[in-house]
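Engineer: Predicted coordinates and the sequence they were generated for:
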Amino acid sequence: MKKIIAIMTLTLLTFFSLHNTANAYSYGDPNEEKIAEAYKKMVVQLDKNPPNFSETEKIYDTVKEEIDQHMGPEPSKLIKENLEKEEKEGLIENMQKILALNIDRRLSGVDKNFEDYETSKRLLAKGHATYQALSPVVSEKDPEMDKQIKAEFDKALEALGNPGLFGVGKKEADKEAFKQSKKIIIDDLQKEFETENFELGHFNVGQEEESTTSEKTEWTDLSNIKNWLPLIVIIAIIAGVVIYVIRKRR
């Protein structure tokens, strides 16, 4: 009986260790970054012959409020001028700058909420999703920079650590390592897209935190069946052991 209990305990510890390690170093579902998704849709409309500026403006208007709220009115003024003058290239370039600023915004949010693992991971995921939209542009101009930024995003994710489950798989966070990765990412983006160096105060971090907290967190969402898997595995193991013991006693 003692052997069975020992095996069951070892199995559970191994399972949770692997489960948490996998979760710690995957971005999860960022629920898509709206600004990045809008940019991709806008480019599709602008690549038409002739460019569809009317639809492009409608798409931009779906994220204008968020951009104004967190970055101020200046970015939208430039975009609206590009739309009025039907400046395709200028419009795309200014949207790319907005994406670069959005990454700065998201990473600044992580910096501010670093002790909150779930919030930090979600914000980093949104920053990463934003960079995925910019990556082809960076890669075409400077492949080495693109590789470096991607590597620093991975390092930033590792720097968040892992709270573990019941103490299993826990890894301490490293804020200094995160700050180093953040600096490299932002410096590269500012160099590539010639964006202004926005200080943290330029972003409405308080509203950022509130809006992020109100969103459904994918990795703690009980409506997502995969989040029930650990409990199902535990029940299955316990049930198997109980059935085995009962049959053996008979």
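Structural biologist: Perfect, I can see it now. For clarity, every value in this text was computed on a predicted model and none was experimentally measured.
Engineer: how about low-confidence regions in this protein?
Structural biologist: Under the criterion pLDDT under 70, the flagged ranges of the chain are 1-31, 166-168, 196-242, 244-246, 248-250.
Engineer: Please list the residues outside stretch 188-197 that contact it.
Structural biologist: By Cβ atoms under 8 Å, 6 or more residues apart in numbering, the residues outside stretch 188-197 that reach it are 93, 96-97, 100-101, 103-104, 134, 138, 141-142, 145, 148-149. In short, each C-beta sits where N, CA and C put it, glycine included.
Engineer: between those, which has the most around it?
Structural biologist: residue 103 (28 neighbours; other Cβ atoms under 10 Å).
Engineer: Are we agreed that that residue is in a strand?
Structural biologist: No. Applying DSSP: H, G, I helix; E, B strand; the rest coil, one finds residue 103 to be helix, outside a strand.
Engineer: That one against residue 131, yeah?
Structural biologist: Yes. Contact criterion Cβ atoms under 8 Å: residue 103 and residue 131 qualify, at 5.8 Å.
Engineer: intersection of neighbour lists for the two?
Structural biologist: residue 185.
Engineer: need the contacts of stretch 188-197 in a markdown table with distance to residue 35 and secondary structure, can you?
Structural biologist: Compiled in a markdown table, the contacts of stretch 188-197 are given as follows (distance: Cβ to Cβ, whole Å; DSSP: H, G, I helix; E, B strand; the rest coil):
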| residue | distance to residue 35 | secondary structure |
| --- | --- | --- |
| 93 | 15 | helix |
| 96 | 11 | helix |
| 97 | 12 | helix |
| 100 | 11 | helix |
| 101 | 9 | helix |
| 103 | 10 | helix |
| 104 | 12 | helix |
| 134 | 11 | helix |
| 138 | 17 | helix |
| 141 | 21 | helix |
| 142 | 23 | coil |
| 145 | 21 | helix |
| 148 | 23 | helix |
| 149 | 18 | helix |
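Engineer: Alpha carbons of stretch 79-95, in PDB - could you do that?
Structural biologist: The C-alpha trace of stretch 79-95 is given here as PDB (Å, rounded to 0.1, in the frame of the first residue of the first chain):
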ATOM      1  CA  ILE A  79      -3.400  58.900 -39.200                       C
ATOM      2  CA  LYS A  80      -6.400  61.000 -40.000                       C
ATOM      3  CA  GLU A  81      -4.200  63.400 -42.100                       C
ATOM      4  CA  ASN A  82      -2.800  60.400 -44.000                       C
ATOM      5  CA  LEU A  83      -6.400  59.200 -44.700                       C
ATOM      6  CA  GLU A  84      -7.600  62.600 -45.900                       C
ATOM      7  CA  LYS A  85      -4.600  63.000 -48.200                       C
ATOM      8  CA  GLU A  86      -4.800  59.300 -49.200                       C
ATOM      9  CA  GLU A  87      -1.100  58.800 -48.400                       C
ATOM     10  CA  LYS A  88      -0.800  55.000 -48.400                       C
ATOM     11  CA  GLU A  89       2.800  54.700 -47.500                       C
ATOM     12  CA  GLY A  90       2.700  57.400 -44.800                       C
ATOM     13  CA  LEU A  91      -0.300  55.800 -43.300                       C
ATOM     14  CA  ILE A  92       1.300  52.400 -43.100                       C
ATOM     15  CA  GLU A  93       4.500  53.800 -41.600                       C
ATOM     16  CA  ASN A  94       2.600  55.800 -39.000                       C
ATOM     17  CA  MET A  95       0.600  52.700 -38.000                       C
END
